[in-house]
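Asks: Sequence first, then the predicted structure:
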Amino acid sequence: MSVVAVIPARGGSKGVPGKNLKRVGGVSLVARAVASALASRLIDRVIVSTDDAGIAAAAEAAGAETMSRSVVLSGDTASSESVLLDVLDRLDRVDEVNEQPSEQSSEQPDVLVFLQATSPFIDPDDLDSAIARVLEGGEDVVFSAVETYAFLWKQGDDGATGVNHDHSFRPRRQDREPHFQETGAFYVMNAPGFRAAEFRFFGTVGIAHVDPRSSIEIDTVDELEMANAIAPTLTKFRGDYAIDVDAVVTDFDGVHTDDRVIVSSDGTESVSAHRGDGMGVRMLRERGIPVLILSTEVNPVVTARANKLQVEVLQGIRDKTIALTEWARALGIPLNRIAYLGNDVNDLGALGIVGWPIAVASAVPQVLGAARIILTANGGDGAVRELADRVLASASIAPLDHKEQS
């Protein structure tokens, strides 16, 4: 039996412009959804339906197939169901994914998995459990939801009244029946049943209970900021992945050092560095992987360390984003093939443009939230060596889109 996941991701968004390409934990929302689907053991195929070239490129880079949607299906009034039906209809006629003939069968799937990129913390295990329930035939639809005991109210002309309770009586939590709130993250459906009903709820409907921490749905800038703030705490959503890149760029203070400085009476500064970091850099160089130190400060100690490591260094950089972009362009290396290791707020711009934004364990909270990977080592305590080992261990890029604390 075949299982196809469809991720609708249009370019237009009023609440958060360019929302589906915004990053949570260093990875775009559309790429996170793709990664969750690819990590499923039961999903055979992942298709992103979009009207936006940037989203299509990000989805394909993450490992998904893409299908361009019409203008009619790209507006605010187009329903998710209409997009899902469009994908199924086009697969039924001819496989139009990537606008080219596909080696995969264009037969209709038995199970359709509808994923929403606005939910950044979709657990592949939750997906597989829900898919299995539909495959077994006991339920036609299974959707993600969280349990709630909240008292709901509605505001009327004559005042507020209870929705799911009698407001004149306040039973204890243990005496109340729970309700379930949709998270919007995923809906698993019997595909033929969905095509007949043309709506996501039909037949026997089941609920997939998910971790409340994973239930955030991003529709506002505040929710996007909240998702980035909690991403480092979601240790459930992690894995052990190699880092497949073509270049490594690092900050200096707080990365190669512990961010402390010793100042002598004549103003000379000195820092301590980790010998393991030096060996890691050497191994990267021997593998032919360019290494760059990018520093805001101009300091002889940075120059001395870079010379010792035999790597390129750029100092006195006021805008690391511009400097990193120009350096990558000169070497012909795509930004999504670069790992940047940082620790403080002046690294956020560079972290935001590379494919592998990485933080040392001692980084400030803003950097931890922007990182795709949080290393176990602190700055100056072998963090660069840890990164080097992960890069050197890589054979191919893995679908990492959940916050990792390795």
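Replies: Done, it's in.
Asks: Which positions in the lengthiest helix in the chain come out as buried?
Replies: Secondary structure of the chain read by DSSP state H shows that its longest helix is helix 80-93. Neighbour-count burial for helix 80-93, with 16 or more other CB atoms under 10 Å as criterion, is recorded at 83-88, 90-91. In this view, the C-beta of every residue, glycine as well, is placed from N, C-alpha and C.
Asks: which is the next helix or strand following that helix?
Replies: Counting by DSSP states H and E, the element after helix 80-93 in chain order, helix or strand, is strand 111-115.
Asks: Wait, Pro120 touches Leu29, no?
Replies: Yes - because the distance of 5.8 Å satisfies CB atoms under 8 Å, Pro120 is recorded as touching Leu29.
Asks: of those two, who's got more company?
Replies: Pro120 (32 against 28; other CB atoms under 10 Å).
Asks: And for that one, nearest residue in space, chain neighbours not counted?
Replies: Val24 (4.2 Å; CB to CB, 6 or more residues apart in numbering).
Asks: hmm, back to that, what sits in contact with each of Pro120 and Leu29?
Replies: Taking CB atoms under 8 Å, 6 or more residues apart in numbering as the contact definition, Pro120 and Leu29 share the neighbouring residues Ile218.
Asks: And the helices in the chain?
Replies: Counting by DSSP H, the chain has helices at residues 29-39, 53-62, 80-93, 124-135, 191-197, 221-230, 275-286, 300-309, 320-331, 348-351, 365-370, 383-393.
Asks: so where's the stretch 301-406 of the chain shaky on pLDDT?
Replies: By pLDDT under 70, the low-scoring segments of the stretch 301-406 of the chain are 395-406.
Asks: Scan the protein for its longest strand.
Replies: Longest among the strand segments of the chain by residue count, using DSSP state E, is strand 179-190.
Asks: List the strands paired with that strand, with their directions.
Replies: The partner list of strand 179-190 in its sheet, established with DSSP bridges, is strand 111-115 (antiparallel), strand 141-148 (antiparallel).
Asks: Confidence-wise, which helix or strand of the protein is lowest on average?
Replies: The helix or strand of the chain with the lowest confidence, counting by mean pLDDT, DSSP states H and E, is strand 404-405 at a mean of 40.
Asks: on that earlier part again, residues making contact with the longest helix of the chain?
Replies: Outside helix 80-93, the residues that touch it by CB under 8 Å, 6+ apart are 4, 6, 8, 47, 49, 67, 69-70, 73, 96-97, 106, 108-109, 112, 114, 116, 191, 194-195, 198-200.
Asks: List only those of the residues you listed flagged as buried.
Replies: Counted by 16+ other CB under 10 Å, these give 4, 6, 8, 47, 49, 67, 69, 73, 96-97, 109, 112, 114, 116, 191, 194-195, 200 as buried.
Asks: Okay, buried residues for stretch 42-56 please.
Replies: By 16+ other CB under 10 Å, the buried positions in stretch 42-56 come out as 42-43, 45-52, 55-56.
Asks: do stretch 364-380 as well
Replies: Going by neighbour count (16+ other CB under 10 Å), the buried part of stretch 364-380 is 366-375, 377-380.
Asks: wait, which of those residues is closest to Gly137?
Replies: Arg372 (38.9 Å; CB to CB).
Asks: does Val4 really touch Leu42, like I thought?
Replies: No - under the criterion of CB under 8 Å, Val4 lies out of contact with Leu42, with a separation of 10.9 Å.
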